[in-house]
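[1] have a look at this prediction, sequence included:
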Amino acid sequence: MKIFYFTGTGNSLSVAKRIGGELLSIPQEVHKEKCCYKDDAIGIIFPVYYGDMPDMVRRFLEKAEFESDYLFAVGTYGSSYAAALEYMQELAHERGYQFNYLNALLMVDNFPPFFDMDDEIRRLPAKRTKENLKQLVADIDARKEYTPVTFFGARATSEHAKNYVGEYSSQGFVVDDTCTLCGTCTSVCPAANISITDKVSFSDKCESCYACIHACPKSAIKPKHERSSKRFRNEDVSLKEIIEANKQNGSIK
């Protein structure tokens, strides 16, 4: 089994690790000239951003070719996955295949402009993430077929959420004077969007994963209108794993 994942703070990587198999980082695979994969089961684990999949995940799926008897995808989300799974299946149909199993997992919402991280972490037990993940893994192990019914207004919710993409991208980030130019931000960025000279600079390729914000050891990078200074990384994933997942191999286009 092959599992392709995209992760910023570890949520989706933690799910991929729990499911098992050969784990492949989308930020690394997407830059390969050919993306052709064959296995008995193939999965995509991705975080839901603005009611949709990250741009990099979409770009990967638009070029990837899969040969498998069982395709599945899981979206990790903190408040609503809106139409993300519906978009995922539509993209698959455009590419001539379909997912046998689509599901979403409610986890910590790590988007600091909208959520207080202390509150989110306190609320985690009520989200029953571990119990739901256990059932999700059992479904996949049993090769269950499942597609959730999209709730009314899901597309409208997703389209509305996308209005915030530009406002909350790295172009609006502020780096305060506690920054030590350590380079952690550049190491965790999946899009090679950050450079360091005598200061930290952001380009226009931000995926809105907020890995740089949450991984900064000084909390020096701040998004627009953050609700709290608390930062987050999934307890089952190390900083080293995130750096390895988002390490760039080859040229970035």
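    Perfect, I can see it now.

[2] tell me the first helix or strand C-terminal of the worst-scoring helix or strand of the chain on mean pLDDT.
    For the chain, counting by mean pLDDT, DSSP states H and E, helix 154-161 ranks last in confidence among helices and strands (a mean of 84). Sequence-wise, the next helix or strand downstream of helix 154-161 (DSSP states H and E) is strand 174-175.

[3] so what touches that next one?
    199, 200, 220, 221, 222 (C-beta atoms under 8 Å, 6 or more residues apart in numbering). In this view, the C-beta of every residue, glycine as well, is placed from N, C-alpha and C.

[4] pull the distance from it to the chain's centre.
    Strand 174-175 sits 23 Å away from the centroid of its parent chain (C-alpha atoms, centre = their mean, to the nearest Å).

[5] show me what the helix or strand following that strand is packed against.
    Sequence order places helix 184-188 as the next helix or strand after strand 174-175, per DSSP H and E. Contact analysis of helix 184-188 by 3 or more C-beta pairs under 8 Å, 6 or more residues apart in numbering; DSSP states H and E lists strand 194-196, helix 211-215, helix 239-246 as its packing neighbours.

[6] for residue 168, which of the ones you listed is the nearest?
    Smallest distance to residue 168 across the helices and strands packed on helix 184-188 (C-beta to C-beta): 10.8 Å, for helix 211-215.

[7] packing partners of that closest one?
    Right, helix 211-215 is packed against helix 184-188, strand 221-222, helix 239-246 by 3+ C-beta pairs under 8 Å, 6+ apart.

[8] buried ones in it?
    For helix 211-215, burial by neighbour count (16 or more other C-beta atoms under 10 Å) applies to 211, 212, 213, 214, 215.

[9] I'd like those residues written out as JSON lines, with pLDDT and distance to residue 105 added.
    Below are the buried residues of helix 211-215 laid out as JSON lines (pLDDT from 0 to 100; distance: C-beta to C-beta, whole Å):
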{"residue": "211", "pLDDT": "97", "distance to residue 105": "19"}
{"residue": "212", "pLDDT": "97", "distance to residue 105": "24"}
{"residue": "213", "pLDDT": "96", "distance to residue 105": "22"}
{"residue": "214", "pLDDT": "96", "distance to residue 105": "19"}
{"residue": "215", "pLDDT": "97", "distance to residue 105": "22"}
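
[10] and of the residues you listed, the nearest to residue 88?
    Comparing the buried residues of helix 211-215 against residue 88 with C-beta to C-beta places residue 211 closest, at 21.8 Å.

[11] residue contacts, that closest one?
    Going by C-beta under 8 Å, 6+ apart, residue 211 touches 7, 8, 9, 188, 189, 190, 242, 246.

[12] what's the most buried one of the helices and strands packed on helix 211-215?
    With neighbours defined as mean count of other C-beta atoms under 10 Å, these peak in mean count at helix 184-188, which reaches a mean of 22.
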